[in-house]
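Enquirer: mind looking at a prediction? Sequence and model below.
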Amino acid sequence: MPTLIFNLRHVPDDEADDVRALLEQHGFETYETQPSPFGISAGAIWLKDSTQRDPAKRVIDVYQAERAERVRKERDAAQRDGTAPSLIAALLARPGTTLLLMLAIAAALAISAWPFFWMTR
């Protein structure tokens, strides 16, 4: 019976490619389901043989532990170098969108607070 081994929701493409290659390299028979067009269900990698679940899971867990350590080191190095993305940099990269969002937030706050100021008069 097929068994879900790796959910692809919020998984970067490079990680999904690595997991596919890793499973193939270790000889696990898999197939993949694609995400729905409206985002209701995410894609996934399934094992064709459920008896292979535990060995496949161990292989993926080792890979993810190594990946987490590598990505953490890369992020720490980027923070030390000053090249890590920041909120200010993201906001300044799209000033028009930032301005529209700030105006929308201010309008929502004004509409929400207006009854309280109106009732105090």
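Expert: Received it, and whenever you're ready, just let me know what you need.
Enquirer: hmm, who's touching stretch 47-62?
Expert: With contacts defined as C-beta atoms under 8 Å, 6 or more residues apart in numbering, stretch 47-62 is touched by 1-3, 5-6, 19, 22-23, 26, 28-31. Any C-beta I mention is one placed from the backbone N, CA and C, and that applies to glycine too.
Enquirer: out of those, which are inside strands?
Expert: Counting by DSSP state E, those place 3, 5-6, 30-31 in strands.
Enquirer: and of the contacts of stretch 47-62, the nearest to Val71?
Expert: Comparing the contacts of stretch 47-62 against Val71 with C-beta to C-beta places Val19 closest, at 14.6 Å.
Enquirer: what subset of the contacts of stretch 47-62 is buried?
Expert: Using 16 or more other C-beta atoms under 10 Å as the burial test, the contacts of stretch 47-62 include 5-6, 19, 22-23, 28, 30 as buried.
Enquirer: could you dump those residues to a markdown table with pLDDT?
Expert: What follows is these, written out as a markdown table (pLDDT from 0 to 100):
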| residue | pLDDT |
| --- | --- |
| Ile5 | 94 |
| Phe6 | 95 |
| Val19 | 96 |
| Leu22 | 96 |
| Leu23 | 95 |
| Phe28 | 95 |
| Thr30 | 95 |
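Enquirer: ok, back up a step: of the contacts of stretch 47-62, which is the nearest to Gly43?
Expert: The shortest gap between Gly43 and any of these belongs to Phe6, at 9.5 Å (C-beta to C-beta).
Enquirer: list of residues touching the least confident helix or strand in the chain by mean pLDDT?
Expert: Scoring the helices and strands of the chain by mean pLDDT, DSSP states H and E places helix 87-93 at the bottom, with a mean of 85. Helix 87-93 has contacts (C-beta under 8 Å, 6+ apart) with Thr98.
Enquirer: I'd like the next helix or strand past it.
Expert: Next along the chain after helix 87-93, taking DSSP states H and E as the criterion, comes helix 95-119.
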